[in-house]
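Engineer: Below is the sequence, then the predicted model.
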Amino acid sequence: FTGLLTIHTHHCNILIFLYILNCSKRTIDLFNAMGSMYAAVLFLGVQNSSSVQPVVAVERTVFYRERAAGMYSALPYAFGQVAIELPYVFMQSAVYGIIVYAMIGFEWTAAKFFWYLFFMYFTLLYFTFYGMMSVAFTPNHHIAAIVSSAFYAIWNLFSGFIVPRTRIPIWWRWYYWACPVAWTLYGLVVSQFGDVQDRLEDNDQTVEEYLKSYLGFRHDFLGVVGVVVAGFAVLFGFIFAFSIKAFNFQRR
């Protein structure tokens, strides 16, 4: 499982490099960088979520037997499953983050670099926990894949990249704030460009002003965004633990 994620991560590094390499060096570079963030989050995130599902399904079957034998209860098992993912996801996000950060040419400051790693780490973490969670409250990983794929499409639509939040109809805008990918994209973009005062060549606005007016992104909201993204990982982890304890799909 870990080896598979490593391969997918390196594939994503190559794709992002080719994407940036073939982009024009004009003012659309801002959107090129946003596109690389958006594509990487969805590609790596969905791969993490999908890859972990059959593994969790097999381990849950073993857990049913061991719980029946009185070896351990549901919550220690569930939290152990959550904890073991932390170092592996950190390694994945570090490998991806360091390579891609250098290739794209983001500003080399400690704050911006560690914000980038922070958002990538917790994003890959909540995608992984989401995949585990979807298995925990469904009978098998086949149904979990169907259920989770529906939300991948919804998260993609409401991420704020295809349709910016300021252009989403007001009666649908609430779902933007409930979409974890939207918070991730907000954090990645604002942490890198939210304080840039350079003026766009084809627009009489600074990068900061343009992000605020067109996308609704504010740099002073960065701390809140970081808390929310980390909160999604914690939420999905707790739902996984609760589902393991509450639901029993064992067939006798």
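Structural biologist: Ah, there it is.
Engineer: Okay, buried residues for stretch 57-70 please.
Structural biologist: Ala57, Arg60, Phe63, Arg67 (16 or more other CB atoms under 10 Å). The C-beta positions use only the backbone N, C-alpha and C, and glycine is treated the same way.
Engineer: of the residues you listed, closest to Leu235?
Structural biologist: Nearest to Leu235 among these is Arg60, at 20.2 Å by CB to CB.
Engineer: In the stretch 1-150 of the chain, where is pLDDT below threshold?
Structural biologist: Across the stretch 1-150 of the chain, the ranges flagged by pLDDT under 70 are 1-27.
Engineer: one more time with 90
Structural biologist: 1-44, 47, 51, 59-77, 92, 95-108, 137, 140-141, 150 (pLDDT under 90).
Engineer: Make a markdown table from the buried residues of stretch 57-70 and add distance to Leu44 to it.
Structural biologist: Shown next, in a markdown table, are these (distance: CB to CB, whole Å):
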| residue | distance to Leu44 |
| --- | --- |
| Ala57 | 21 |
| Arg60 | 24 |
| Phe63 | 27 |
| Arg67 | 33 |
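Engineer: right, and the pair among those with maximum separation?
Structural biologist: Using CB to CB, the two most remote members of the buried residues of stretch 57-70 are Ala57 and Arg67, lying 15.7 Å apart.
Engineer: hang on, the earlier thing: redo the buried residues of stretch 57-70 as JSON lines? Include secondary structure and distance to Val227.
Structural biologist: Shown next, in JSON lines, are the buried residues of stretch 57-70 (DSSP: H, G, I helix; E, B strand; the rest coil; distance: CB to CB, whole Å):
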{"residue": "Ala57", "secondary structure": "helix", "distance to Val227": "32"}
{"residue": "Arg60", "secondary structure": "helix", "distance to Val227": "31"}
{"residue": "Phe63", "secondary structure": "helix", "distance to Val227": "32"}
{"residue": "Arg67", "secondary structure": "helix", "distance to Val227": "35"}
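Engineer: ok, those residues vs Gly97, which is closest?
Structural biologist: Looking across the buried residues of stretch 57-70 and measuring by CB to CB, the closest to Gly97 is Ala57, at 29.5 Å.
Engineer: for the stretch 51-200 of the chain, what spans make up the helices?
Structural biologist: Along the stretch 51-200 of the chain, the stretches classed as helices by DSSP state H, counting those that start in this stretch are 74-104, 110-136, 141-157, 173-178, 180-193.
Engineer: right, so of those, which gets closest to Phe221?
Structural biologist: Between the helices of the stretch 51-200 of the chain, helix 180-193 lies closest to Phe221; by CB to CB that is 7.1 Å.
Engineer: That concludes my questions; thank you for your assistance.
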